[in-house]
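In: Here is the input, now give the coordinates:
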Amino acid sequence: MALADMAQATGRFLDMLSKAIARQSQKRPGECTAWLWMHENGLGKGGHCHMLVHVPPKLVRTIAKMQRRWLRSITGNPYRKRVIRSDPIGGRLGMETCNPAVHAANLANALAYVCKSAPQTILDSHGMQRRHEQGGPIVGKRCGISQNIGPKARKAKT
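Out: Sure thing, here's the model as predicted:
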């Protein structure tokens, strides 16, 4: 996919994800999502997007099945193996309740990986160590978050 198309593709994917979770959540009130994404571009990897997404546990299988179809719809290409990597934080669902310390450590590592090209001032303000990897040139925004965890939402909760 061309770098110029990444922002639109990411937006479409997140729109499909959000709508699918909202539709499924009508059957299960109180379930919602939150996400953050980061665009990167590197030698041998090309333009790509990392996402951390909260998918309600009861919807994981349903959403996992839908992702490949969304990607085919967005790119117009057949799905290639390992293009989407979806893993629960900590290696399995339910880790946040059965072993919160392991879940928290794995979540911190996943967040640090996604934020590896963030400015040091941002990393410092969140107590994160730099992973010393540049994100490469991109077109458009480098990163984004869902509105429900954005600045307005965080300010409203204080």
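
In: tell me which element residue 41 falls in.
Out: strand 34-42 (DSSP states H and E).

In: and what of residue 49?
Out: strand 46-54.

In: List the pairing partners of that strand within its sheet, with orientation.
Out: strand 34-42 (antiparallel) (DSSP bridges).

In: State the distance from the residue lying closest to residue 137 once chain neighbours are set aside to residue 2.
Out: In this structure, residue 137 finds its nearest non-sequential neighbour in residue 41, 5.7 Å apart by CB to CB, 6 or more residues apart in numbering. Quick note: C-beta positions are derived from backbone N, CA and C, even for glycine. Distance of residue 41 to residue 2, computed by CB to CB, to the nearest Å: 11 Å.

In: neighbour-wise, which of the two wins?
Out: Neighbours were counted for residue 41 and for residue 2 using other CB atoms under 10 Å; residue 41 has more, 17 against 9.

In: Was I right to think the more buried one contacts residue 135?
Out: Yes - Residue 41 lies in contact with residue 135 (CB atoms under 8 Å); the separation is 7.0 Å.

In: Name all residues that sit in contact with those two at the same time.
Out: Residues touching both residue 41 and residue 135 (CB atoms under 8 Å, 6 or more residues apart in numbering): there are none.

In: Using CSV, write down the CA coordinates of the lowest-mean-pLDDT helix or strand in the chain.
Out: Using mean pLDDT, DSSP states H and E, helix 120-125 stands out as the lowest-scoring helix or strand of the chain, at a mean of 82. Output in CSV follows, covering the C-alpha atoms of helix 120-125 (Å, rounded to 0.1, in the frame of the first residue of the first chain):
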residue,chain,number,x,y,z
GLN,A,120,11.5,11.8,24.3
THR,A,121,9.6,14.6,26.1
ILE,A,122,6.3,12.6,25.6
LEU,A,123,7.9,9.4,26.8
ASP,A,124,9.4,11.1,29.8
SER,A,125,6.0,12.6,30.8
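
In: was I right about residue 68 contacting residue 81?
Out: No - counting by CB under 8 Å, residue 68 sits too far from residue 81 to count as a contact (10.1 Å).
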